[in-house]
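J.: Any chance you can model this:
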Amino acid sequence: MARRWPKDLAWTEVVLEVEDPWCGKCGRRMHVCAHRRHRIFTFEGPRLLVCKLMHCPDRACSSHGHMISPEQELNLTMPWWLIGWDVFCWLGHRRFARHWSVPQLRAELLDRFRIPLSEDAIEDYLQRYQCMLAARQQDPAVLKKEYQKTRHLMLSIDGLQPEKGHETLYVVRELRQQRVWFAEALLSSATDEIRPLIVKAREWAERLERPVRLWMSDKQDAFVKAIAEEFPGKPHRYCGNHFLRDLAKPMLELDSHAKVQMRSKIRGLRAIERAVLQVRAAERAEQDHEQERLPALLVSPTNGLEVVLDYCAAVRGILNDSQGGPLRPPGARMSQALGEVEHSLQRNVRLKKGGTRNRCWNVWQVASTKEEAWYWKRRKKWRRMWRRLATSMRHWTLLRIAGRYESGSTRPSEAACWTKKTRFANRWAD
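T.: This is a model prediction of the structure:
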């Protein structure tokens, strides 16, 4: 199907010719038989490649029916591509090095370079980039150059299964250079299906001319048997991560039970959000009414309700977070994150941030805990203590000034100093 190109694009025409116009079979000069127009997008602007196709004019020549394309076309793009090599490499680098999403790549190409590409086309080019990168990583010459300074190899094999019932992706890696050698998806973990992977790893090691020092895996039966057959006498070490995960199974079960208990105690997020949304809708209706009655009146938005919605979203994200491992159990991370949210709520309530307390009191009731009650109790106790101290200091000062005045030894400056001390104590007491 023909592609519909934008009509307002200014195409720069580039004419490409065959570098060697002589036939390789009979030695006669070839003639131009057709022209192929190839439109591509580059960072320097849209290009129209006019390729002159040539063939041998001698009908008796074996290459008469073969058309020769210009070699320079492959330096700019691949056949049937819509983009040049510069755009292709830019897409691969942004996707796999900087982890940009496909919609983000599409928006950046359109806004910055004026290159309209669909998401399907971008995903197709990214898949081709992966194939080229995998072929480059498995190039024997590149591998031999990378392992010139490596004396021995340390190999590992592990299976990755996204969901039960799906294919398992078995990955063979080299640990010294931290390099993935190859991967293959298998339906079964039987020994007969795992053995070809181990045989392929042995062939790679022989090609690199480097001895294998050890293997590392989770010691499945298929791995143990296949490695023992193909690498006799080589040590097979148990993976530290799998060992720690199996060792921590009882702790992870307790951690999962603690997560369930924490989730059961935190209820009512949706009710709080409904209450906030109702209050916000009422406020907006009131503001619209005020603006209709007084068009010149600007009503400032309130941020307290938005803060409550942000807290609800944060708590929901914490409850749904199940990431972590044996060293950082998800339940412990959940408890720590919920504690931080609780302390943040307490600070906001004490400092009366996010709007007045009476206005959002039905929403902020969640934050009233035992720690807040303990804080107010200690504050009242200290205020009583300061009042008693101020009263005692006030009486003592008055008695001392009265005694000094009776004896006639008190100077006006000293009396003023004692008066300042009394005022300081009264201020602290209040």
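
J.: quick one: the helices in the stretch 201-350 of the chain?
T.: Shown for the stretch 201-350 of the chain, the helices assigned by DSSP state H, counting those that start in this stretch span residues 221-230, 240-247, 249-265, 269-293, 304-320, 330-351.

J.: Show me where this protein dips below the pLDDT cut-off.
T.: Within the chain, the set of residues satisfying pLDDT under 70 comprises 1-2, 289-303, 352-376, 378-379, 386, 390, 393-430.

J.: returning to what we had before: could you identify which of the helices of the stretch 201-350 of the chain is most buried?
T.: Highest mean neighbour count among the helices of the stretch 201-350 of the chain (mean count of other C-beta atoms under 10 Å): helix 221-230, with a mean of 18. Quick note: C-beta positions are derived from backbone N, CA and C, even for glycine.

J.: Reformat the helices of the stretch 201-350 of the chain as a markdown table; add distance to residue 188.
T.: Output for these, formatted as a markdown table (distance: least, C-beta to C-beta, whole Å):
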| stretch | distance to residue 188 |
| --- | --- |
| helix 221-230 | 9 |
| helix 240-247 | 20 |
| helix 249-265 | 25 |
| helix 269-293 | 44 |
| helix 304-320 | 34 |
| helix 330-351 | 31 |
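
J.: Tell me which of those helices lies nearest to residue 17.
T.: Taking C-beta to C-beta as the criterion, helix 221-230 is the member of the helices of the stretch 201-350 of the chain that comes nearest to residue 17, at 53.9 Å.

J.: What is that closest one packed up against?
T.: Helix 221-230 sits against helix 191-208, strand 212-217, strand 236-238, with contacts defined as 3 or more C-beta pairs under 8 Å, 6 or more residues apart in numbering; DSSP states H and E.

J.: Figure out how far that helix is from the centre of its chain.
T.: With C-alpha atoms, centre = their mean, to the nearest Å as the basis, helix 221-230 stands 37 Å off its chain's centre.

J.: how big is the angle separating that helix from helix 191-208?
T.: Helix 221-230 and helix 191-208 are oriented at 40 degrees to each other (axes from the mean of the first three to the mean of the last three C-alpha atoms, to 10 degrees).

J.: how would you label the spatially most central residue of the chain: helix, strand or coil?
T.: Most central in the chain under C-alpha atoms, centre = their mean is residue 99, positioned 7.8 Å from the mean C-alpha point. Reduced to three states with DSSP: H, G, I helix; E, B strand; the rest coil, the structure at residue 99 is coil.

J.: Now it, what are its backbone angles?
T.: Backbone geometry at residue 99, expressed as degrees, to the nearest 10, gives phi 60, psi 40.

J.: ok, so what distance separates it from residue 270?
T.: 33 Å (C-beta to C-beta, to the nearest Å).

J.: Next: residue 102.
T.: With the distance defined as C-beta to C-beta, residue 102 ends up 33 Å from residue 270.

J.: before we move on, what about residue 37?
T.: Applying C-beta to C-beta, the value for residue 37 to residue 270 is 60 Å.

J.: pretty sure residue 41 is touching residue 87, no?
T.: Yes - between residue 41 and residue 87 there is a contact at 6.1 Å, judged by C-beta atoms under 8 Å.

J.: Next, show the common contact partners of the two.
T.: Any residue near both residue 41 and residue 87 by C-beta atoms under 8 Å, 6 or more residues apart in numbering counts here, and that gives 113, 115.

J.: rewinding a little: now mean neighbour count and distance to residue 162 too, for the helices and strands packed on helix 221-230, in CSV please.
T.: Written out in CSV, the entries for these read as follows (neighbours: other C-beta atoms under 10 Å; distance: least, C-beta to C-beta, whole Å):
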stretch, mean neighbour count, distance to residue 162
helix 191-208, 16, 18
strand 212-217, 20, 20
strand 236-238, 13, 24
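
J.: Generate TSV for the ones you listed, with distance to residue 71 as supplementary columns.
T.: Formatted as TSV, the helices and strands packed on helix 221-230 follow (distance: least, C-beta to C-beta, whole Å):
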stretch	distance to residue 71
helix 191-208	32
strand 212-217	43
strand 236-238	51
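
J.: now for these, which one comes closest to residue 117?
T.: Across the helices and strands packed on helix 221-230, closest to residue 117 is helix 191-208 (C-beta to C-beta), at 37.0 Å.

J.: what's the closest one in contact with?
T.: Applying C-beta under 8 Å, 6+ apart, the set of residues contacting helix 191-208 from outside is 140, 143-144, 147, 153, 155, 157, 170, 172, 181-182, 184, 186-187, 211-212, 221-223, 225-227, 229-231.

J.: Quick one: end-to-end distance for stretch 172-190.
T.: The separation between the terminal residues of stretch 172-190, taken as C-alpha to C-alpha, to the nearest Å, is 16 Å.

J.: Residue 63 contacts residue 23, doesn't it?
T.: Yes - using C-beta under 8 Å as the test, residue 63 is close enough to residue 23 to be in contact (6.0 Å).

J.: Quickly list what's touching both of the two.
T.: Common neighbours of residue 63 and residue 23 are listed as residue 56 (criterion: C-beta under 8 Å, 6+ apart).

J.: Between those two, which is the more surrounded one?
T.: Neighbours of residue 63 and residue 23, each counted by other C-beta atoms under 10 Å, are more numerous for residue 23; the result is 21 against 16.

J.: Can you give me the neighbour number for the closest residue to the more buried one other than its chain neighbours?
T.: Counting by C-beta to C-beta, 6 or more residues apart in numbering, residue 23 lies nearest to residue 56, which is 4.2 Å off, once chain neighbours are set aside. For residue 56, the number of neighbouring residues by other C-beta under 10 Å comes to 25.

J.: my guess is residue 56 meets residue 27, correct?
T.: No - counting by C-beta under 8 Å, residue 56 stays clear of residue 27, with 9.5 Å between them.

J.: if we can go back for a sec, do you know how far the residue nearest to residue 23 is from residue 22?
T.: If you measure residue 56 against residue 22 using C-beta to C-beta, the figure is 9 Å.

J.: so how many other residues sit close to the spatially closest residue to residue 118 that is not a sequence neighbour?
T.: Nearest residue to residue 118 in three dimensions, chain neighbours excluded: residue 106, at 7.6 Å (C-beta to C-beta, 6+ apart). Residues contacting residue 106 under the criterion other C-beta under 10 Å number 19.

J.: What backbone torsions are found at residue 106?
T.: Listed backbone geometry of residue 106 is phi -60, psi -40, with angles given as degrees, to the nearest 10.

J.: Tell me which residues touch it, please.
T.: With contact taken as C-beta under 8 Å, 6+ apart, residue 106 is in contact with 117, 118, 119, 122.

J.: what does residue 230 give?
T.: Residue 230 makes contact with 195, 198, 199, 201, 202, according to C-beta under 8 Å, 6+ apart.
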